[in-house]
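[1] sequence below, structure please.
(2 chains)
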Protein chains: 2
Amino acid sequence: MRILLTNDDGIHAPGLFALHDALKSDHDLDIVAPESEMSAVGHAITLTSPLRVQDVSKNGAFYGYAVTGTPADCVKIAVKELLERPPDIILSGINPGANVGVNILYSGTVSAATEGAFFGVPSAAISLNTRQNPDFSFAAQFAKKIIRFMIESGLKTGAALSVNIPAVTPDKIAGVRLTRQGTARFEEHFERRTDPRGNIYYWLTGETPVENGSTGTDSNALKENWITITPIHYNLTCHEELKRLKSFLPDSWGVPKSDS
Amino acid sequence: MRILLTNDDGIHAPGLFALHDALKSDHDLDIVAPESEMSAVGHAITLTSPLRVQDVSKNGAFYGYAVTGTPADCVKIAVKELLERPPDIILSGINPGANVGVNILYSGTVSAATEGAFFGVPSAAISLNTRQNPDFSFAAQFAKKIIRFMIESGLKTGAALSVNIPAVTPDKIAGVRLTRQGTARFEEHFERRTDPRGNIYYWLTGETPVENGSTGTDSNALKENWITITPIHYNLTCHEELKRLKSFLPDSWGVPKSDS
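    Numbering: from 1, shown residues only, chains lettered A, B, ... in the order given. Next up, the predicted model:
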């Protein structure tokens, strides 16, 4: 397969290299990744400045393209400009740190996969549930199984996968579970500090939320050491509200023509 | 009502001021907005650097807080740190330029409303369908009707509204329509240029996509001069794929314990 690899930690990130190393013998790989770290950029794209692209070598050989942009920019410019034809699959990661629950919205790793879905390319984001001394070896091997699953299931156009791997030894992994995105709120706050010049500044801190009850969510299943696979899409329409709000439409909005 | 105003164009943007000006006599307003323009930042948040907050005055009186962050950062720090208690309503805008279709994912304006929904505060993003010499006066007046609609409908926790206003004179407006998010792909490409030093750089350009057929989408309805109200949420789970993929799960994933 022709696979595009990207991430949000930058082209020199160990998680990206682990993926490259595990897949290079079986697949034709292209790397297009941000020049520098782009965590928590969400689905940002670069409109107010142009993008620049640099060739990057590793051990004396061409490794990939570094882009002065976000993960979503990388997927766009790879598909539309840098690669001769669209890839068969896009993988984003491996991210050190889970992407579950509402975190998915903030995640640059996941946004690269969503951007791939925009282009109709089967795409997955892969995240490992630790930021401390991550060992990517099992997750990188597991990526091969994700690729097979994406091919065999014929992942629907417009959908992508957010995959999370527990950061435990393989014998502690409970299994693999298809999950839905958790929606519990973060417990977050701002830490107020004073700099040496007497000015106030704030650090965002917070804890991953606990979902009440359900084991069907990515966040809860991951906590119990399941590998979670969450199919996501980019349609934010809240259909329940779309239906419910109809009965609250006012008789008149006061615009000259009337509603139909 | 106690209303928090924010945007993605920065605290000095005319669209924000128009909203402030139209609502100030009826409501208790707080402004917390980015220090500088933050368009297309998606749902980015600032994790790798701290936030700073500056008081901003207008015409000799306190106007609001400028934050060195994204629209989502502004909502977070407003709710958790700067305001004495959470606002009753959050409005983001008025953005010069529509936020319809897949654009919603890239939009800083919309992400502020989504962030408001995370906190359980009824929130709306308001966008005007032009970037050229925008006249915000009608849209700012219409915001009052949106506020009333949000109150009367009791907008569900976790949902927000993305509102788009045609940039035409009020007599040309077709009416108001509840819509769903369009999902058509952008027609986009990169424009390759050479700088005076001989280096290559790329500008992203593109056109708003045309949805096939349906008038139920925000993008198509706006094109026909309807005011569009799209209820959105932050759950990206693709439930069809979640169901469908179950039948493609392999017998074994090769992890020591088996799937249940």
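[2] ok, now how distant is the most centrally placed residue in chain A from chain B?
    The centre of chain A sits closest to A:V110, judged by CA atoms, centre = their mean, with a distance of 1.2 Å. From A:V110 across to chain B, the span is 8 Å (CB to the nearest CB, to the nearest Å). For the C-beta atoms, the positions are set from N, CA and C on the backbone; glycine is no exception.
[3] could you find the closest non-adjacent residue to that residue?
    Excluding its sequence neighbours, the residue lying closest to A:V110 (CB to CB, 6 or more residues apart in numbering or on different chains) is A:A125, at 4.5 Å.
[4] swap in A:D30?
    Excluding the flanking residues, the one nearest A:D30 by CB to CB, 6+ apart is A:L4, at 5.0 Å.
[5] which SS class is A:K80?
    Using DSSP: H, G, I helix; E, B strand; the rest coil, the structure places A:K80 in helix.
[6] go ahead and confirm it touches B:R185.
    No: counting by CB atoms under 8 Å, B:R185 is not a contact partner of A:K80; they are 11.6 Å apart.
[7] does the host helix or strand of A:I90 reach chain B?
    Assigned by DSSP states H and E, A:I90 belongs to strand A:89-96. No: residues of strand A:89-96 contacting chain B under CB under 8 Å from any CB of the partner chain: none, with a closest distance of 13.2 Å.
[8] report all helices and strands that that strand contacts.
    Counting contacts by 3 or more CB pairs under 8 Å, 6 or more residues apart in numbering or on different chains; DSSP states H and E, strand A:89-96 packs against strand A:2-6, helix A:14-23, helix A:108-118, strand A:123-128, helix A:137-153.
[9] residues in contact with the residue nearest to A:D30?
    The contact partners of A:L4, by CB atoms under 8 Å, 6 or more residues apart in numbering or on different chains, come to A:29-32, A:75, A:78-79, A:83, A:87, A:89-91, A:116, A:121.
[10] A:G10 falls within a strand, correct?
    No: applying three-state DSSP, one finds A:G10 to be coil, outside a strand.
[11] residues near the residue nearest to A:V110, how many?
    32 (other CB atoms under 10 Å in any protein chain shown).
[12] who does it bridge with?
    A:S92, A:S162 (DSSP bridges).
[13] that one contacts A:I165, doesn't it?
    No: contact between A:A125 and A:I165 fails when scored by CB under 8 Å: they sit 11.3 Å apart.
[14] where exactly do the helices run in the stretch 151-260 of chain A?
    A:218-223, A:239-245 (DSSP state H, counting those that start in this stretch).
[15] for chain B, which of the ones you listed is the nearest?
    helix A:239-245 (3.6 Å; CB to the nearest CB).
[16] any idea of the mean pLDDT in that closest one?
    Summarised as a single mean, pLDDT over helix A:239-245 is 95.
[17] about what we covered before: the residue nearest to the centre of chain A and A:N99 touch, don't they?
    Yes: counting by CB under 8 Å, A:V110 does reach A:N99; the two are 5.2 Å apart.
[18] any shared contact partners between those two?
    The contact lists of A:V110 and A:N99 share A:125, A:162, where a contact means CB under 8 Å, 6+ apart.
[19] redo the helices and strands packed on strand A:89-96 as a markdown table? Include mean pLDDT.
    Compiled in a markdown table, the helices and strands packed on strand A:89-96 are given as follows (pLDDT from 0 to 100):
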| stretch | mean pLDDT |
| --- | --- |
| strand A:2-6 | 98 |
| helix A:14-23 | 98 |
| helix A:108-118 | 95 |
| strand A:123-128 | 98 |
| helix A:137-153 | 96 |
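[20] closest one to B:I151 among these?
    helix A:108-118 (33.0 Å; CB to CB).
[21] next, the angle from that closest one to strand A:2-6.
    140 degrees (axes from the mean of the first three to the mean of the last three CA atoms, to 10 degrees).
[22] just checking, what packs against helix A:108-118?
    helix A:71-77, strand A:89-96, strand A:123-128, strand A:159-165, strand A:226-233.
[23] now those as TSV including distance to A:Y65?
    Shown next, in TSV, are the helices and strands packed on helix A:108-118 (distance: least, CB to CB, whole Å):
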stretch	distance to A:Y65
helix A:71-77	8
strand A:89-96	14
strand A:123-128	18
strand A:159-165	22
strand A:226-233	26
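[24] so what's A:M1 up against?
    A:27-28, A:88-89, A:147, A:151.
[25] report the buried members of those residues.
    A:27, A:88-89, A:147 (16 or more other CB atoms under 10 Å in any protein chain shown).
[26] check contacts around A:A174.
    Contacts of A:A174 by CB under 8 Å, 6+ apart are A:166, A:224-226, B:257.
[27] widest-spaced pair of the contacts of A:M1?
    Once CB to CB is applied, those give A:D28 and A:I151 as the farthest pair, at 14.6 Å.
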